[in-house]
Every structure is written in structure tokens, then in C-alpha cells.
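In: Structure for this input, please:
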Amino acid sequence: MWCGSSMPRIRASSASAALAAALVAGCLVLAFHGERADLPALDAEGYPHVVPAARLLPELTARGKQIGRVEDGGVRLWANAAFGHRLDNPASGPVPLYLVARGSSVEGVYPYLTLRVDGELRDAVYVSSETWGLYRVSVELSRGEHDLEWSFVNDHSRYPESRDLDLHSLSFGTPPPEAERYHRWRAPCRLDPSRMAQRAFGRAEDDGYRLWNRGTLADDVYFPRAGRYDVRISAGPATAAADRSLLELLVDGRPVETLQVSGDGAVHTLSIEVDEGRHRLEWIHRAPPSDAPPEQDLLVRSITIGKPVLHTTRVMTPLRLSSDHVALSGDRVERRSNGVSLGGIWAMWQSGYLKQTVISEQQGTWRLTLRARGDLCDGRGPRVLVMTNADQLAVLEIDTVQFEDFALPLALAAGRHDLTLVYENDRFVDGSCDRNLYVEQVAFDRDEQGTMPAN
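Out: Okay, the predicted model is just below:
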């Protein structure tokens, strides 16, 4: 228990006033329920075992009162409680812990879960969503046995709201097999600083999150594909006396860039290179320069992670129309922008173009067929502008989520011609829809009669 001078001093950004007062006074009483669960030893590569919450919390009574119940595939706690487990660590180093949890809020404040290792406070998790989410904590452990204890510390009720904590499972070493369904932030996305999993030295305010000196915001973000992503942060000095602040971004513990933040509400942009998968983004408010005012608080309003920044692919291979049928897969078109190859399909997640130089050996009419599909947003699919040389030929509305053929006549004189397909109406609505274009094939069929299919 924390009491007297042995209690660590914490200036926790995520604590409510009542919780902070209880911690500082050393009077927060947490009942430890049952024996610590003895789990199998970690192997040399970590331990991917998933422990159900019911095993971690076999007893759901304290002092004769019910503190929770098993429901909805997990355990619901409606009172402050602590539970623990013992780990046998084979080698010194960081051990990732993955908690699947959700919580309900009172006055906008969600449950806090602290973690102690061998009695020492190591970390805290802010369970900031009412849907199941995956929360990661990494702790440095020496070789040997360790006691880990989790504590739900800020239970509160104000009718009709009740702050409760739901626990589903705890995993070690690697995420649980069904981790994909529990991602809370998935790029592209807009992060709410006041609901990030780990926050220290600061407080939530109506228009953002105030970071004190050395304050941090951190959380995991899932990136569905490898690449370079633009990160935009809306932030500025929290007080009129402060004219600038320093904000450092770390990705998986690696420093990426330090921004000098100045101006009220300014948007600052930087880029990060990441592999596909889950990555930890951590923002740290660094100490201001020595000539700066002593109070140099920073107000973070939002953090936005865009779509991957995709590069134009240039493969100079003109297409010679020397037979009655010539076709290219989407990812073999001569010049392709803002997309990636997916098994022969060119997937475009941003507005861009496909451009192909064709050589017609004689004057004639061809049937140009684009085989494509789209992801719809606001009820509309991708719009593709078809151009030959510098002239607009047609506009195609790709309003189907299944691959279909879209055909139109193409009259060509003998010689070289540039055919360009422009995807021009990309749209993304966070949490709602994402319009994308997928091109499977571009085909040319000789059509001396100029006849066209029904579509």
C-alpha cells in the first residue's frame, strides 16, 4: 500500500481532482482479492499466452460486498479493486503486456488502471472507450519471478452515470490472436488527446489537453500498410505569457522530430516512416529554453494521422496496339501515382492518375475498357476522368464495390498518344467512410464498327 513518505509523488495528467487528492493523502484503500495467479514462465521469445479476466479475478467480493460480476465475456468492476499475477521472466528486458478492456465515464472521465511491479508503481492506463480496446504497457523486468498488481483506482458514481471498468483478458509478449478487432486508433485517424491511453503531467480542458513541462501523451496506433504518413498536430502555448514550446515525437521509443510550437492554434506537420502494424506514438513536452517564462504549458487540440504518402511509379514502357486485343493489369500501367500494387490491382487511396503511352500503327477506333471497383463514401464512388493527350474524352462514375467493366469508344490517329485516367474525388470521413479506387485492368479492343456494349 502507498502511505506516508513511501508513496511516490505523481503529477498525473489523467487523474481527476478526487483521485489526485486521495493519492496524495495516501488514503486510497484498494483491496487485493484472492491469490496472485501463477502463470507459466515466459520463454526466450516472450509469452503469447492470453489469460481471461475471470482467472485474474476469481473473487468478486470484498468485505462481504459484491464489487463486480462476470458478464459479456469478461469481468465488470463497479468498485475500486486490485488483482495480480506472478511472472517468471527468463531474461532481463522489456516485457509487453496487452490488456483488453473498456470503461464507462462520469463527467467525461474514464477508468484509470495503475500497474505496480514488486510493489513499485510503474505505469498507468486510461481506459478511454466504451467499446473493447487493446491497451499496451511495456515494463522492464529483470530475470526471475515478479509480482505484478493492477489497480482500478478512480471508481465514482453520480446518478445517472457510473464509472465502471470491464476487463476481458491480459496477454504477454504478443497481442492476443484477435487483436485486429480491438484497435482503437487505426490510420488514417484523428486522435483525441484527452482520450489517449497514457497521459502524464497535464490535464484535460474543454478545448484540448494541457501539457505541463515534461508532460506526455502516448498511445498505440495501428498502421494498415507500411509507408510514410503525415502527422498533423494542432497545438499552441496555453497561456498568453508563453510564446513558444518544444514538443518531441517518439515512435516506438525512437526520437523522430522536435517541433518548436508557437502561435495560437497553429497546425504543425511532420512525416514518419513505419512498417505495417501497431506502433507507439509518444509526444513529450520538453523543457523550454532557459530564457523562457517558468510556466510554458502547451495546449494540444488534436493529432491527425493522414493516409500513407504514396509516390508516383514511372516505368517507361509504351504500349503498341498491334493486335485486336491488348490489355494491361492495373499495376502494369506505364505511370501510376498515389497507390500501391495489390496482386495485379492498382489501389489508389488518394486522388491521382494512371497514364499510359500507346502507339497506334494505323488510324482506327478502339474500345477502351476499364475494369475497376470503388469504396463508396457519402453514397458515391470514385469519379474517373478519361483523357487522350490533353483532351477530355469521358467521365466514369465507378459506383460499384464489385469489379465491373466500364467501356467507351476511343478514336486514334496513327502514332503516339497519351491516355490518362484521373481519379479526382477522393474523400475520407473519420470513423465513417473512405472513398478509394481499385483498377484491375485497362484493355484495348479493335472496334472498326464503333459499336459499344450496353453500359
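In: contacts and neighbour counts: CA atoms only from here.
Out: Will do.
In: Run the chain-centre distance for stretch 194-210.
Out: The chain centroid and the centroid of stretch 194-210 are separated by 18 Å under CA atoms, centre = their mean, to the nearest Å.
In: Domains in this protein, by residue range?
Out: Annotated domains of the chain cover 4-181, 189-307, 313-446 [automatic domain parsing].
In: Can you add mean pLDDT and give those back as CSV?
Out: Formatted as CSV, those follow (pLDDT from 0 to 100):
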stretch, mean pLDDT
domain 4-181, 73
domain 189-307, 82
domain 313-446, 88
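In: Just put those domains in CSV and tack on mean neighbour count.
Out: CSV is the format used below for these (neighbours: other CA atoms under 10 Å):
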stretch, mean neighbour count
domain 4-181, 18
domain 189-307, 18
domain 313-446, 18
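In: Show the backbone phi and psi for Gly381.
Out: Taking degrees, to the nearest 10, you get phi -100, psi -170 for the backbone angles of Gly381.
In: now the one 10 residues further on
Out: With angles defined as degrees, to the nearest 10, Asp391 sits at phi -100, psi 140.
In: What's opposite it in the beta bridge?
Out: Beta-bridge pairing for Asp391 (DSSP bridges): Thr388.
In: List the contacts of the closest residue to Ala347 other than its chain neighbours.
Out: Excluding the flanking residues, the one nearest Ala347 by CA to CA, 6 or more residues apart in numbering is Tyr438, at 4.5 Å. Contacts for Tyr438 were tallied using CA atoms under 8 Å, 6 or more residues apart in numbering; they are Ile345, Trp346, Ala347, Met348, Ala372, Arg373, Gly374.
In: doesn't Val439 make contact with the second one?
Out: Yes: between Trp346 and Val439 a contact is recorded at 5.2 Å, counting by CA atoms under 8 Å.
In: which residues do these two both contact?
Out: Gly330.
In: wait, what's in contact with Leu328?
Out: By CA under 8 Å, 6+ apart, the contact list for Leu328 reads Gln441, Val442, Ala443.
In: Just the pLDDT at Pro453, thanks.
Out: If you check Pro453, the pLDDT there is 42.
In: so how far is stretch 202-218 off the chain centroid?
Out: That offset, for stretch 202-218, works out to 20 Å (CA atoms, centre = their mean).
In: Check stretch 127-136 too.
Out: Centroid displacement of stretch 127-136 relative to its chain, using CA atoms, centre = their mean, is 13 Å.
In: Can you flag which of the contacts of Tyr438 belong to helices?
Out: In helices, judged by DSSP state H, none of the contacts of Tyr438 are found.
In: Redo the residues you listed as JSON lines? Include distance to Leu259.
Out: As requested, the contacts of Tyr438 are exported to JSON lines (distance: CA to CA, whole Å):
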{"residue": "Ile345", "distance to Leu259": "39"}
{"residue": "Trp346", "distance to Leu259": "36"}
{"residue": "Ala347", "distance to Leu259": "33"}
{"residue": "Met348", "distance to Leu259": "31"}
{"residue": "Ala372", "distance to Leu259": "42"}
{"residue": "Arg373", "distance to Leu259": "41"}
{"residue": "Gly374", "distance to Leu259": "38"}
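In: Go ahead and confirm Met274 touches Gly227.
Out: Check again: residue 274 is Val, not Met. Yes: the criterion here is CA under 8 Å, and Val274 meets it with Gly227 at 5.8 Å.
In: Just the contacts of Leu328: which are in strands?
Out: Here DSSP state E is the test, and the contacts of Leu328 give Gln441, Val442, Ala443 as lying in strands.
In: give me the beta-bridge partners of the residue nearest to Ala347?
Out: Beta-bridge pairing of Tyr438 under DSSP bridges involves Ala347, Arg373.
In: Check the gap between it and Cys189 for me.
Out: Using CA to CA, to the nearest Å, we find Tyr438 at a distance of 22 Å from Cys189.
In: Likewise for Val340?
Out: 20 Å.
In: now the helices: where do they sit in the stretch 101-250 of the chain?
Out: Shown for the stretch 101-250 of the chain, no helices are assigned by DSSP state H, counting those that start in this stretch.
In: residue ranges for the strands of it, please.
Out: 112-117, 120-126, 133-141, 144-152, 156-158, 161-163, 165-172, 189-191, 198-205, 208-223, 227-237, 245-251 (DSSP state E, counting those that start in this stretch).
In: Check which helices and strands the fourth one is in contact with.
Out: Read it as strand 144-152. strand 81-89, strand 112-117 (3 or more CA pairs under 8 Å, 6 or more residues apart in numbering; DSSP states H and E).
In: Ramachandran angles for Asp207?
Out: phi -110, psi 20.
In: That one is in contact with Gly236, isn't it?
Out: No: taking contacts as CA under 8 Å, Asp207 lies outside contact range of Gly236: 11.5 Å.
In: Report the backbone C-alpha coordinates of stretch 194-214 in CSV.
Out: Extracted in CSV, the C-alpha atoms of stretch 194-214 (Å, rounded to 0.1, in the frame of the first residue of the first chain):
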residue,chain,number,x,y,z
SER,A,194,-7.9,13.8,-23.8
ARG,A,195,-8.7,10.1,-24.6
MET,A,196,-5.2,8.7,-25.2
ALA,A,197,-4.2,5.7,-23.1
GLN,A,198,-1.2,7.2,-21.4
ARG,A,199,-1.1,10.8,-20.2
ALA,A,200,1.2,12.3,-17.6
PHE,A,201,1.9,15.8,-16.2
GLY,A,202,-1.1,17.6,-17.6
ARG,A,203,-4.9,17.9,-17.5
ALA,A,204,-7.9,17.8,-19.9
GLU,A,205,-9.5,21.1,-20.7
ASP,A,206,-12.6,22.0,-22.8
ASP,A,207,-10.6,22.8,-25.9
GLY,A,208,-7.8,20.3,-25.7
TYR,A,209,-5.2,18.8,-23.4
ARG,A,210,-2.8,20.9,-21.4
LEU,A,211,0.7,19.5,-21.1
TRP,A,212,3.0,20.8,-18.3
ASN,A,213,6.7,20.7,-18.5
ARG,A,214,7.8,17.1,-19.3
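In: sorry, back to before: ok, which of the strands of the stretch 101-250 of the chain comes nearest Met387?
Out: Smallest distance to Met387 across the strands of the stretch 101-250 of the chain (CA to CA): 29.9 Å, for strand 227-237.
In: Tell me what angle that closest one forms with strand 245-251.
Out: Counting by axes from the mean of the first three to the mean of the last three CA atoms, to 10 degrees, strand 227-237 lies at 150 degrees to strand 245-251.
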